[in-house]
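Novice: Let's see this in three dimensions:
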Amino acid sequence: RNGMIPGLKVDQGYNKTGLVNTQVGPLGHPETACKGLDTLEERCAAAYKQGARFAKWRNVLQIDPAKGLPSDAAVSECVHSLARYAAICQRQRLVPIVEPEIVPNGN
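Specialist: Got it, this is the predicted structure:
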């Protein structure tokens, strides 16, 4: 209607306790991974039924070269979860908006 296509954010935020053995970054907590992959399939199916046609998932990567951020672990977790999210969305007929959120507030 009115040329707008409905979509929604499907990540369920992130746990500030962070990934194991990662540095505290510019956001004041260790590197993180988004939550919600475990229930994403069902939520995407329900969203499509209700009219959504795209979904957004964000993963935060903190950048601080002095601390070696982002770590290999954080980058690996980020790309893995974004790939799983995109595959689930497509399986449920939603267009995935892939958004690695970069936080370049380091020194």
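
Novice: how far does the longest helix along the chain sit from the chain's center?
Specialist: Longest helix in the chain by number of residues (criterion: DSSP state H): helix 72-91. The chain centroid and the centroid of helix 72-91 are separated by 8 Å, computed with C-alpha atoms, centre = their mean, to the nearest Å.

Novice: can I get the CA coordinates of the helix or strand just after that helix in PDB?
Specialist: Per DSSP states H and E, the first helix or strand lying C-terminal to helix 72-91 is strand 95-103. Output in PDB follows, covering the C-alpha atoms of strand 95-103 (Å, rounded to 0.1, in the frame of the first residue of the first chain):
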ATOM      1  CA  VAL A  95      14.500 -10.700   1.500                       C
ATOM      2  CA  PRO A  96      17.400 -10.600   4.000                       C
ATOM      3  CA  ILE A  97      19.000  -7.200   4.800                       C
ATOM      4  CA  VAL A  98      22.500  -8.100   5.900                       C
ATOM      5  CA  GLU A  99      24.000  -5.400   8.100                       C
ATOM      6  CA  PRO A 100      27.300  -5.900   9.900                       C
ATOM      7  CA  GLU A 101      27.200  -2.900  12.200                       C
ATOM      8  CA  ILE A 102      30.700  -1.400  12.500                       C
ATOM      9  CA  VAL A 103      31.500   0.600  15.700                       C
END
